[in-house]
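In: Sequence first, predicted coordinates after that:
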Amino acid sequence: MADMTVNHPVACTPPNGEQPKETPQRVTTANEGRRFRGLARLGHLIPTLMVMALLAGLGAYGHHSGWKLPGFSALIRNDGAEREDWCEEHGVPESQCVECHPELLPQGKDYGWCKEHGIQNCPLCHPDVAQLKQTPVVTGADRARAVRAMSSATGPENNPICKHYRRRIQFASLEAVKKAGVDVGLVERQAIIESVSSYGEITYDQTRFASLASRQPGTVWRVEKNVGDLVRAGEVLALVDAAEVGRAKTGFMQALAEEELRRKFVARLGPASAQGAMPERSLEQAHTEHFQAQTRLLCAQQALVNLGLPVNVEELRGLPEEKLARHLRFLGLPESVAERFNPAETTSNLLPLKAPMDGIIVVRRVVAGEQVDASRALFQLADTSRMWLTLSVPLEEAGKLALGLPVRFRPDGSRGEVTGKLVWISTTADQQTRMVAVRADLPNPQGQLRNATFGAGKIVLREEREAIAVPKEAVHWEGCCHVVFVRDKGYFDSKDSLKVFHVRTVRLGASTEKYSEIVAGVLPGEVVATNGSDVLRAELLKYNLGEGCTCGK
């Protein structure tokens, strides 16, 4: 095989010690590196050049436009309008501008400020200002509703010197309205409730709640009722074997026997003293001893009453000893309970624990054979036919409340509402939360409400079934007045009609999640701008930037 030789360019060191010359390959690599670095520097300069070009363009535009930004007119300009016939101030063709040429759409009579309803050009007092085909009739019910609403209104009031109500916002075409994103809605009647909302808790009515304990220490002899049992007033819940009861019964029997003896003795001495057979002093002594016996009997009777065992002395007089002993043994027990026990096997120390009212046993903390005393509650009894609702109301809202107002409450986890009436308003505010406690009575005939249930409540200040209302997004605060934009009553959707919205001052009432009540300012059937009406507000206020409200202009 023939030898194959490959020649590579290499750097050689000359004999005289001079530096070696670069080979062709190394020279080419160096040139490419210099070109790459040049491109990198140019890449860093591109953003700077772009910013400079943008500033130059902005300067040219500012010089040409007098440093004015595009206004409302640029947003709603009709592309088909001639540039020469264009009102830059109001964004419509000059020949159709109702602000520049009021004779195109003459404004009605200016009635000015309405002191009664707090707006300009009040439709309630002057229905002809309404943008409707026919002049509407304002009913007495609407006037009465306005009076009720203004008596409880607390929001900001309109400024009587505001002149914005004279303004009108115009669009060049229906396409311009759509392009601006303006939607409209109907002024209609809605059910409106003005209320004070608060969270609260349902509890037992404390006037119909009892916590029962034994009047004397002893041993529980028998338990008659359990949790959940319905009881009537006077029913026995438990029987306690208390030694003090036995001693009180014995003392009563002794006092009764002694009083009976002294009474009979006085009866025998009376005739003898009258005949002179006995000294008068002896009769007086007998009367004194009888009086003392009566006092001891009264004390013994009161001791039984204090134990909850009332006794009628006159009914017990003359009873045979056996019947008297049985009566005292089962004293305080209903006959239906006493007849279940054998007198020979039943102690006379029984102290019944009775229900003081009709209700249901909600707590039982006792079992037979347990030692109890007066400091320990054995049963809790509640009448659940009526419950308490306690709400915490902000201090600034408490002044609106009055006793008897309707209250609505929705317990947590429940879909339905319960209603009641406000019966108590606290005279003090919580020192930490600055809230005022109020209470309502809630009827609970079916027993659906539960103690210690939380939920949301509202105290109804005013309820209107046919209030005049508009969507909430239709109302704007422009600095000194609440306004809505009312569509002109002309044929707005026709091609040749003027697309005009009138600025209308309104007085607000209550509101719901979606609607605002209009006390005065619009009437049912009028059409107002809703979604996108911020564009109209911006046009209304575009000359006020930096100057504040132009109420006086």
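Out: Yep, that arrived.

In: OK, contacts around residue 196?
Out: Applying C-beta atoms under 8 Å, 6 or more residues apart in numbering to residue 196 gives the contacts 393, 397, 400, 401, 458, 459, 461. Glycine gets a C-beta too; all of them are placed from N, C-alpha and C.

In: Tabulate the residues you listed in CSV, adding columns for distance to residue 488 and neighbour count.
Out: Shown next, in CSV, are these (distance: C-beta to C-beta, whole Å; neighbours: other C-beta atoms under 10 Å):
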residue, distance to residue 488, neighbour count
393, 45, 23
397, 40, 18
400, 39, 16
401, 44, 17
458, 39, 19
459, 42, 24
461, 36, 19
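
In: Between those, which sits nearest residue 137?
Out: residue 461 (28.6 Å; C-beta to C-beta).

In: host element of that closest one?
Out: Under the criterion of DSSP states H and E, residue 461 resides in strand 453-471.

In: Using PDB, list the CA coordinates for that strand.
Out: This file holds the C-alpha atoms of strand 453-471, laid out as PDB (Å, rounded to 0.1, in the frame of the first residue of the first chain):
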ATOM      1  CA  THR A 453     -78.400  27.800  67.700                       C
ATOM      2  CA  PHE A 454     -76.600  30.500  65.800                       C
ATOM      3  CA  GLY A 455     -77.600  32.100  62.600                       C
ATOM      4  CA  ALA A 456     -78.200  35.400  60.700                       C
ATOM      5  CA  GLY A 457     -81.100  37.700  61.600                       C
ATOM      6  CA  LYS A 458     -82.400  41.000  60.400                       C
ATOM      7  CA  ILE A 459     -84.700  43.500  62.000                       C
ATOM      8  CA  VAL A 460     -87.100  44.800  59.400                       C
ATOM      9  CA  LEU A 461     -87.400  48.600  59.500                       C
ATOM     10  CA  ARG A 462     -89.500  48.900  56.400                       C
ATOM     11  CA  GLU A 463     -90.900  46.600  53.800                       C
ATOM     12  CA  GLU A 464     -92.100  47.800  50.400                       C
ATOM     13  CA  ARG A 465     -93.700  45.300  48.100                       C
ATOM     14  CA  GLU A 466     -93.800  47.600  45.100                       C
ATOM     15  CA  ALA A 467     -90.800  49.900  45.400                       C
ATOM     16  CA  ILE A 468     -89.400  51.700  42.400                       C
ATOM     17  CA  ALA A 469     -85.900  50.100  41.800                       C
ATOM     18  CA  VAL A 470     -83.100  50.000  39.300                       C
ATOM     19  CA  PRO A 471     -80.100  47.600  39.000                       C
END
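
In: Torsion angles phi and psi at the spatially closest residue to residue 128 that is not a sequence neighbour?
Out: The shortest distance from residue 128 to any non-neighbouring residue, by C-beta to C-beta, 6 or more residues apart in numbering, is to residue 135 (5.1 Å). Per-residue torsions, residue 135: phi -70, psi 120 (degrees, to the nearest 10).

In: quick one: pLDDT of residue 135?
Out: If you check residue 135, the pLDDT there is 93.

In: correct me, but residue 515 touches residue 471?
Out: Yes. At 6.3 Å, residue 515 counts as touching residue 471 under the criterion of C-beta atoms under 8 Å.

In: Assign a three-state SS to residue 328, would you?
Out: helix (DSSP: H, G, I helix; E, B strand; the rest coil).

In: do the one 4 residues further on as well
Out: Following three-state DSSP, we place residue 332 in the coil state.

In: Could you check how many residues crowd around it?
Out: Neighbourhood size, residue 332 [other C-beta atoms under 10 Å]: 20.

In: try residue 427
Out: The number of residues packed near residue 427 is 7, by other C-beta under 10 Å.

In: what about it, which helix or strand?
Out: strand 418-429.

In: where in the stretch 51-200 of the chain is pLDDT low?
Out: Applying pLDDT under 70 to the stretch 51-200 of the chain picks out residues 51, 57-83, 153-154.
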